[in-house]
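Visitor: sequence and predicted model, in that order:
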Amino acid sequence: MKVTKAQAQANRARVVETASTLFREHGYDGIGVADLMAAAGFTHGGFYKHFGSKADLMAEAAACSIAQTAELAAGADMLEFVRQYLSREHRDTRATGCTMAALCGDAARQPEALRAIFAAGIEGLITTLCGERAAMNARESAQLREKTLNTFAHAVGAMVMSRACPDNSPLADEILSVCCNEILASLRPPITAQVTAHDEGIDGFAKPKQG
């Protein structure tokens, strides 16, 4: 029975989606094409109808999983994003978690074409996490980008280190806890700034004087 163009596209998307999950779980060298195709419900021989090589699939799967991460980050409050990112739940769900924490180490050893996808993905995530910057001047925008990049890199590094420890290691939890607390503290305004904001009112407008 001849496969329609629409069905072929759906089959390809299924393979990419499956690969994006399994690569995060096992790494690029931890699973082969035959096992990837079997997990997607297809035979090994059908792989080359869709992709020229495993490297081609790796590139498409990376773009797919990075887009999923960006979608989750869109509109997120940075404090809540950090809490969720540096949670034990995220640590233990590598296959559906952040691509950067799962595969940056692997990507560093891959051809430049794949590393370029990761670079573009990191750039996109930082832009997403920065949020709307239209009202900022150039200096404020640059400062926000620097802080966001530092925060994200810190969070990714903490997750990578925690996952490198045995699952039940107290150190694994300690890394997440310490780094989460440090990042959150760095994101909160100083006490003096909080007091000033309170005196001015929630929206930044001066409170009416009493009497």
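Guide: Yep, that arrived.
Visitor: isn't residue 55 right up against residue 111?
Guide: Yes - when contacts are counted by C-beta atoms under 8 Å, residue 55 is listed as touching residue 111 (6.6 Å). (Glycine included, C-beta is placed from N, CA and C.)
Visitor: show me where the chain has its strands.
Guide: Counting by DSSP state E, the chain forms no strands at all.
Visitor: buried residues in the helix ranked longest in it?
Guide: Longest among the helix segments of the chain by residue count, using DSSP state H, is helix 138-164. Along helix 138-164, these residues count as buried under the neighbour rule (16 or more other C-beta atoms under 10 Å): 144, 148-149, 151-152, 154-156, 158-159, 162-163.
Visitor: tabulate those (JSON lines), appending distance to residue 132 and pLDDT.
Guide: Listed next are the buried residues of helix 138-164 as JSON lines, based on distance: C-beta to C-beta, whole Å; pLDDT from 0 to 100:
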{"residue": "144", "distance to residue 132": "10", "pLDDT": "93"}
{"residue": "148", "distance to residue 132": "13", "pLDDT": "94"}
{"residue": "149", "distance to residue 132": "17", "pLDDT": "96"}
{"residue": "151", "distance to residue 132": "17", "pLDDT": "96"}
{"residue": "152", "distance to residue 132": "18", "pLDDT": "96"}
{"residue": "154", "distance to residue 132": "23", "pLDDT": "97"}
{"residue": "155", "distance to residue 132": "21", "pLDDT": "97"}
{"residue": "156", "distance to residue 132": "24", "pLDDT": "97"}
{"residue": "158", "distance to residue 132": "27", "pLDDT": "98"}
{"residue": "159", "distance to residue 132": "27", "pLDDT": "98"}
{"residue": "162", "distance to residue 132": "32", "pLDDT": "98"}
{"residue": "163", "distance to residue 132": "33", "pLDDT": "97"}
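Visitor: got a list of contacts for stretch 136-144?
Guide: With contacts defined as C-beta atoms under 8 Å, 6 or more residues apart in numbering, stretch 136-144 is touched by 130, 133.
Visitor: can I get stretch 83-93 in CSV, CA atoms only?
Guide: What follows is stretch 83-93, C-alpha atoms only, in CSV (Å, rounded to 0.1, in the frame of the first residue of the first chain):
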residue,chain,number,x,y,z
ARG,A,83,12.5,26.6,41.1
GLN,A,84,11.1,24.2,38.5
TYR,A,85,14.3,23.8,36.6
LEU,A,86,16.4,23.0,39.7
SER,A,87,13.9,20.5,41.1
ARG,A,88,14.4,16.8,41.7
GLU,A,89,11.4,16.2,39.3
HIS,A,90,13.3,17.8,36.4
ARG,A,91,16.5,16.0,37.4
ASP,A,92,14.8,12.6,37.2
THR,A,93,12.9,13.2,33.9
